[in-house]
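**Student:** sequence? don't have it. structure:
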Ligand SMILES: Cc1ncc(COP(=O)(O)O)c(C=O)c1O
């Protein structure tokens with residue numbers, strides 16, 4: 001028996017546990033996480049060694065080794081270990097700004113007054129560095145085949161703003177974006193690319209017939225070792241480049257920009273962004289397990305794909321010919337006609353249960369009730385209150401102010417908003433057991449139950 005149709009949201013949590021639709025399903029005793037750290041033991045060894053040898057600092061053998069191992073794995077010449085992926089992205093945006101527009105005064109950013117084309121469906125850390133450098137992010141809509149920057153929308157953006165010279169692209173949930181098209185468009189306009197591979201370490205992309213790691217495809221490339229990433233140092237990030245000059249600059253800027261003098265002497269603004277040798281010990285211990293983590297994440301994605309195939313949903317897509325995602329977070333999207341009625345405010349939501357239909361918040365609430373962690377799709381940047389006044393470009397041109405009180409059908413598109421409305425991130429922890437994942441798949445099925 002389906003319960004009487006009723007509206008639920010954060011204010012009134014639905015009682016999933018006692019709902020007959022979920023009869024026989026037990027809550028997980030210990031929480032199943034979205035994506036939590038997976039330690040192997042080597043991490044402790046390198047952290048202990050750092051402490052025993054007193055290299056408790058932002059210099060030391062762990063940092064050197066992390067840089068060496070990462071440059072080798074990524075097949076690039078230089079890796080600079082930093083305190084966070086965000087720091088790497090800031091350094092990347094600053095390097096690009098300086099190369100394009102010259103050195104900035106200490107109280108000004110290198111992108112002052114300049115527009116930068118940015119991925120719209122991403123975490124805010126991708127694009128905040130544009131603001132740190134006083135630039136203006138222009139958000140480029142998403143395409144539904146990779147959930148990343150739409151090259152058609154990017155071309156439209158260059159038609160509207162031909163002077164732009166910088167693009168910042170992220171690979172959402174570890175799925176590579178359409179780099180070949182994006183690089184071609186960038187080259188046509190003499191633009192540089194900052195590649196945010198924070199979520200996509202280990203993902204590969206076939207560029208001009210040759211497979212390469214995401215994180216080596218831009219002019220400036222960044223990776224994160226945040227606690228939820230595929231390998232972690234609890235925090236940390238890496239800046240990757242083939243340019244010796246850029247690597248040296250990031251080393252200098254990230255350690256307070258000291259000049260070659262016996263005393264503290266400065267000609268440039270500096271930052272305290274270097275990775276700690278303790279954090280590097282954890283990362284060093286994780287690197288040998290990257291392949292194992294990649295396999296586990298892929299298996300999770302495949303099991304969801306198989307287990308959900310009879311529902312009116314699909315998995316987050318990828319370009320099978322040109323990319324191998326790292327499957328960091330598995331996501332699903334509900335078919336439009338299988339969505340129950342639901343609305344999202346700025347900070348709350350409401351939905352109405354309907355037989356045979358569901359919506360991301362109902363599924364997320366059900367997962368929460370059974371002690372598993374899902375998450376809404378990262379809310380697109382053009383929908384964020386802080387960036388409300390920034391331009392948003394779709395494949396039809398300007399994406400702002402496209403409705404009209406006097407015209408019903410406007411032809412306006414907003415792919416990102418649609419994925420945000422219908423999609424959700426599924427528990428993707430690589431320690432999740434098969435039994436646990438089967439139970440999660442069953443919970444999702446029950447949300448769509450018809451009788
Ligand atoms: C796409 C993306 N970019 C950047 C970051 C920032 O990395 P960090 O947390 O290491 O600063 C994250 C996540 O944390 C991310 O998901």
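**Tutor:** Structure's in. What do you need? Model, not experiment: these values are computed from the prediction.

**Student:** list phi and psi for the nearest residue to residue 42 once chain neighbours are set aside.
**Tutor:** Take residue 42 and drop its neighbours on the chain: the residue closest to it by Cβ to Cβ, 6 or more residues apart in numbering is residue 285, 3.6 Å away. Where C-beta positions appear, they are placed from N, C-alpha and C, glycine not excepted. Main-chain dihedrals, residue 285, degrees, to the nearest 10: phi -70, psi -20.

**Student:** and residue 285, how many neighbours?
**Tutor:** 22 (other Cβ atoms under 10 Å).

**Student:** give the contact list for it.
**Tutor:** By Cβ atoms under 8 Å, 6 or more residues apart in numbering, the contact set of residue 285 is 39-47.

**Student:** among those, name the buried ones.
**Tutor:** 42-43, 46-47 (16 or more other Cβ atoms under 10 Å).

**Student:** in CSV, list those along with secondary structure, distance to the ligand and pLDDT.
**Tutor:** Below are those laid out as CSV (DSSP: H, G, I helix; E, B strand; the rest coil; distance: Cβ to the nearest ligand atom, whole Å; pLDDT from 0 to 100):
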residue, secondary structure, distance to the ligand, pLDDT
42, helix, 21, 95
43, helix, 17, 98
46, helix, 19, 98
47, helix, 19, 98
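
**Student:** format those as JSON lines; extra columns: distance to residue 139.
**Tutor:** Shown next, in JSON lines, are the buried ones among the contacts of residue 285 (distance: Cβ to Cβ, whole Å):
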{"residue": "42", "distance to residue 139": "41"}
{"residue": "43", "distance to residue 139": "38"}
{"residue": "46", "distance to residue 139": "40"}
{"residue": "47", "distance to residue 139": "40"}
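
**Student:** may I ask which two of those residues are separated the most?
**Tutor:** Distance extremes for these: the farthest pair is 42 and 47 at 9.7 Å, using Cβ to Cβ.

**Student:** helices of this structure, start to end?
**Tutor:** Ranges of helices in the chain, per DSSP state H, are 42-52, 61-74, 85-101, 124-132, 151-160, 179-188, 244-253, 277-286, 290-307, 360-369, 415-422, 434-447.

**Student:** do the fourth one and the ligand meet?
**Tutor:** Yes. Where contact is defined by Cβ under 6 Å from any ligand atom, part of helix 124-132 touches the ligand, namely 125-126.

**Student:** quote the end-to-end distance of stretch 204-212.
**Tutor:** Distance between the boundary residues of stretch 204-212 (Cα to Cα, to the nearest Å) amounts to 6 Å.

**Student:** what's it in contact with?
**Tutor:** Contacts of stretch 204-212 (Cβ under 8 Å, 6+ apart): 75, 176, 179-180, 183, 213-214, 217, 321-324.

**Student:** pretty sure residue 157 sits against residue 140.
**Tutor:** Yes. Assessed by Cβ atoms under 8 Å, residue 157 is found in contact with residue 140 at 5.6 Å.

**Student:** got any residues that touch both of those two?
**Tutor:** 117, 393.

**Student:** check what pLDDT residue 17 gets.
**Tutor:** pLDDT, residue 17: 89.

**Student:** how many neighbours does it have?
**Tutor:** 13.

**Student:** can you check residue 366 too?
**Tutor:** Residue 366, neighbours per other Cβ under 10 Å, totals 24.

**Student:** next: residue 210.
**Tutor:** Other residues near residue 210 come to 7 when the count uses other Cβ under 10 Å.

**Student:** mind pulling the model confidence for it?
**Tutor:** Confidence score, pLDDT, at residue 210: 97.

**Student:** on that earlier part again, distance of the residue nearest to residue 42 from residue 296?
**Tutor:** 17 Å (Cβ to Cβ, to the nearest Å).

**Student:** same thing with residue 160?
**Tutor:** From residue 160 to residue 296 the distance is 43 Å (Cβ to Cβ).

**Student:** between those two, who's got more neighbours?
**Tutor:** residue 296 (18 against 13).

**Student:** so what's that one up against?
**Tutor:** Contacts of residue 296 by Cβ under 8 Å, 6+ apart are residue 430.

**Student:** same question for residue 404.
**Tutor:** residue 410.

**Student:** quick check: phi and psi on the residue lying closest to residue 197 once chain neighbours are set aside?
**Tutor:** The spatially closest residue to residue 197, leaving aside those adjacent along the chain, is residue 215, at 3.5 Å (Cβ to Cβ, 6+ apart). The phi and psi values for residue 215, taken as degrees, to the nearest 10, are phi 100, psi 0.

**Student:** close enough to count as contact, residue 215 and residue 194?
**Tutor:** No. Using Cβ under 8 Å, residue 215 is not in contact with residue 194, being 11.4 Å away.

**Student:** common neighbours of these two, please.
**Tutor:** When contacts are counted by Cβ under 8 Å, 6+ apart, residue 215 and residue 194 are jointly contacted by 221-222.

**Student:** tell me how far residue 115 lies from the ligand.
**Tutor:** Noted for residue 115: a distance of 20 Å to the ligand, by Cβ to the nearest ligand atom, to the nearest Å.

**Student:** who does that residue form a beta bridge with?
**Tutor:** Beta-bridge partners for residue 115, by DSSP bridges, are residue 136.

**Student:** next, count neighbours for it.
**Tutor:** Other residues near residue 115 number 20, with proximity taken as other Cβ under 10 Å.
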